[in-house]
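>>> Give me a model of this one.
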Amino acid sequence: MEITEVKIFMKEGQDKKLKAYATLTFDNMFVVRNVKVIEGTKGLFVAMPSRKLKEPCPKCNFRNVVRLKYCNNCGSALPITEHKMPAPGAEGMPRESEHKDIAHPITAECRDYIQKRVLEAFQNEKKSPSAPPHSSHPSHPSHPSHPSAPPAPSHSQSSPVLPPQAPAKAPVTLDDEDIEL
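This next block holds a predicted model:
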C-alpha cells in the first residue's frame with residue numbers, strides 16, 4: 001500500500017498544539033480525512049481521525065459525551081463511571097481515553113510510514129505558508145511542480161469583489177386616499 005497524496009491544511013494561530021490537518025490518499029483509491037499534526041511534549045506527531053465516546057443517560061437514553069456530570073437533554077445527574085474516575089496513582093488522568101480512533105494503522109511499520117509522509121508534507125507546507133493546500137506527491141496534477149498544474153492566479157487580473165447592494169426603494173408618498181390591505 002502506498003500513500004499517493006498528502007494534502008496539508010495549516011491551522012491559524014501557530015501557538016496552539018494543533019498545527020495542521022491532513023488528508024491522505026492511499027493507492028489513488030481510498031481517502032482518510034481529519035488526520036491531525038500535533039505539537040506534543042516530545043515534538044510533532046500524527047493523530048488519526050477520532051470521535052468522542054458517548055454513553056446513554058439512564059433517565060432519557062440520550063447519548064452524552066463521557067465524563068459529563070449532567071445530561072445534555074434532560075439535565076439529570078449522570079452516574080459516575082470508570083471514564084469519569086481517575087486511574088489509581090494518576091492525578092486527574094482518565095482511566096480510558098475519551099476518544100476512539102475512526103481509522104488507524106495496525107502495524108508499527110504502517111504507523112511510521114504514515115507519520116513520516118505526513119510530517120514531510122507538513123514541513124514542506126510550513127516552508128511555503130502562503131501557498132494553497134496541495135499534494136506532496138510530484139506526479140499528482142495538483143502539485144505545483146506538475147506540468148499540467150494550472151498557473152497561479154495573478155492579483156492584477158482579478159477584479160475586487162463588492163458586497164451586494166440592496167435594491168433602491170421608491171420614496172413612499174402619503175396621499176389622503178385609503179389603503180386597502
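>>> where does the protein dip in pLDDT?
Applying pLDDT under 70 to the chain flags the ranges 14-15, 82-97, 129-181.
>>> Sort out which residues of stretch 60-78 are buried, please.
Buried residues in stretch 60-78, counted by 16 or more other Cβ atoms under 10 Å: 64, 66, 67, 71, 78. Quick note: C-beta positions are derived from backbone N, CA and C, even for glycine.
>>> Closest to residue 16 out of the residues you listed?
Distance to residue 16, by Cβ to Cβ, is smallest for residue 67 among these, at 22.3 Å.
>>> gap between the closest one and residue 79?
12 Å (Cβ to Cβ, to the nearest Å).
>>> ok so, going back, format the buried residues of stretch 60-78 as TSV; extra columns: distance to residue 22 and secondary structure.
Output for the buried residues of stretch 60-78, formatted as TSV (distance: Cβ to Cβ, whole Å; DSSP: H, G, I helix; E, B strand; the rest coil):
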residue	distance to residue 22	secondary structure
64	30	strand
66	27	coil
67	28	coil
71	35	coil
78	35	coil
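>>> closest to residue 47 among these?
Distance to residue 47 across those (Cβ to Cβ) is lowest for residue 66, with 18.4 Å.
>>> Hmm, residue 56 and residue 73 touching each other?
No. Residue 73 is beyond contact range of residue 56, at 10.2 Å (criterion: Cβ atoms under 8 Å).
>>> who touches both of these two?
62, 64 (Cβ atoms under 8 Å, 6 or more residues apart in numbering).
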